[in-house]
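> Please work out how this folds:
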Amino acid sequence: MRNLWKRGIDFLPQTAAALVLLAAFVVFPVYGVCSAAPRTHDIRSYGVDFIQADDSNSSEHDTVVYLKRHETVLPEKGVAIEVTTPAETIRTSNAKYDRSVCSALSNMRLSTQHLDTWAKQHDRSTLKNLCKMSPNQQQKVATIATYIRRVNKTISPETAWREASALVTYSAKYGIPAELSAGVAKTESTFNPNSQSRAGALGVMQVIWNIHHGMLSARNIATTRNHMFDPERGVEAGVLLLSRYVRAYGSIQNALCRYYGGISSSYVRRISNNMAMLQVR
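Numbers count the residues shown, from 1 in each chain. Here you go, the predicted model:
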């Protein structure tokens, strides 16, 4: 009997330690045995669940994203509590911009949000439809916008993208290559929308208002002289004239000479070189 009692006393420390461990698991289930209690009064960790859903009230290019924030609060000497805050609603652009557009914008330290902002600032801007263009057309816009900024650094990014989008849009509308229109704009004004000559040629494409104002007014392209200094109106005016000359004279070379106002091989060569530099496919 004494031997059993002595053996029980020998195991008493181990038994007490086991009871302490069991009590620790019951009282502090979150921390565990080896976890230290938080030193600060309030330690928080956040997680975010993204749930995409349709919203009948959203616009065509909007996607509604619900953000559910989970907040785990670990009060001092307490048990962790999971708290879910009310869901937040954020609208994000779902416009399908081509990678070439995003890449060109990134190189200018811009984003597609800049395009959306510029489109809203100008009622007639062709930028409103940029995201609806085909990938090939969007690539052309990105290439021309980059080219404009490279050859004339005084042109703002906004003007460059507006001109590039207008050149692609109206070239497609009037049936001529976008690189041809851009080549003429580069040769005529180096893409400067405020350019004007002594002969009365105005805007990006250097259209003579005194001669063509009737046609331009009738088509609501430019109803006043000052409209010619708008980057996109000026582009449309020039592209329209160029397309009419191509149809009337049967070849691009003859159309360019008519646009120039006389036979000039050097003028045609300069435009050809500009088109080669663009390499728009």
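> And the average pLDDT for the host helix or strand of residue 273 is what?
Element membership for residue 273 (DSSP states H and E) is helix 265-278. Confidence for helix 265-278, expressed as mean pLDDT, is 92.
> start at 377 instead
Renumbered: residue one is now 377, and that last one reads helix 641-654.
> Remind me what that helix packs against, helices and strands.
helix 511-527, helix 554-565, helix 628-636 (3 or more C-beta pairs under 8 Å, 6 or more residues apart in numbering; DSSP states H and E). Every C-beta, even on glycine, is put in place using the N, C-alpha and C of the backbone.
> Tell me the buried residues in that helix?
Residues of helix 641-654 classed as buried: 643-644, 646-648, 650-651, 654 (neighbour count, 16 or more other C-beta atoms under 10 Å).
> And stretch 563-582, by the same measure?
Within stretch 563-582, the residues that qualify as buried are 563-565, 567-569, 571-572, 577-582, counting by 16+ other C-beta under 10 Å.
> With stretch 526-546 instead?
531, 533-546.
> which SSE is residue 547 in?
Going by DSSP H and E, residue 547 is in helix 533-550.
> and the angle for that helix with helix 511-527?
Using axes from the mean of the first three to the mean of the last three C-alpha atoms, to 10 degrees, the inter-axis angle of helix 533-550 relative to helix 511-527 is 140 degrees.
> for the record, mean pLDDT for helix 533-550?
Taken as a whole, helix 533-550 has a mean pLDDT of 98.
> and if you look at stretch 578-592?
95.
> Sketch out the low-pLDDT regions of the chain for me.
Applying pLDDT under 70 to the chain flags the ranges 377-471, 655-657.
> Go again with 50.
377-385, 387, 396-397, 400-470, 656-657 (pLDDT under 50).
> Phi and psi next, for residue 572.
Backbone torsions of residue 572, given as degrees, to the nearest 10, read phi -150, psi 140.
> Would you mark the buried spots in stretch 586-598?
Using 16+ other C-beta under 10 Å as the test for burial, stretch 586-598 gives 588-589, 592, 597-598.
> Domain parsing of this protein, as residue ranges.
In terms of domains, the chain is parsed into 377-412, 414-470, 475-654 (source: automatic domain parsing).
> residue contacts, the nearest residue to residue 501 once chain neighbours are set aside?
Closest residue in space to residue 501, ignoring its immediate chain neighbours: residue 495 at 5.1 Å, by C-beta to C-beta, 6 or more residues apart in numbering. Taking C-beta atoms under 8 Å, 6 or more residues apart in numbering, we find residue 495 in contact with 501, 503-504, 506.
> The same query, at a cut-off of 10 Å, please.
Going by C-beta atoms under 10 Å, 6 or more residues apart in numbering, residue 495 touches 501-507, 537-538, 541.
> what kind of secondary structure is it in?
helix (DSSP: H, G, I helix; E, B strand; the rest coil).
> List phi and psi for residue 578.
Per-residue torsions, residue 578: phi -130, psi 150 (degrees, to the nearest 10).
> Please name the nearest non-neighbouring residue to it.
Leaving aside its chain neighbours, residue 578 sits nearest to residue 604 (3.9 Å; criterion: C-beta to C-beta, 6+ apart).
> who touches that neighbour in this structure?
In this structure, residue 604 makes contact with 569-572, 577-585, 588-589, 592, 597-598, 610, 613-614, judged by C-beta under 10 Å, 6+ apart.
> Among these, which are located in helices?
Residues of these located in helices (DSSP state H): 585, 588-589, 592, 610, 613-614.
> In a markdown table, list those residues along with distance to residue 636.
Listed next are these as a markdown table, based on distance: C-beta to C-beta, whole Å:
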| residue | distance to residue 636 |
| --- | --- |
| 585 | 17 |
| 588 | 15 |
| 589 | 20 |
| 592 | 19 |
| 610 | 17 |
| 613 | 16 |
| 614 | 12 |
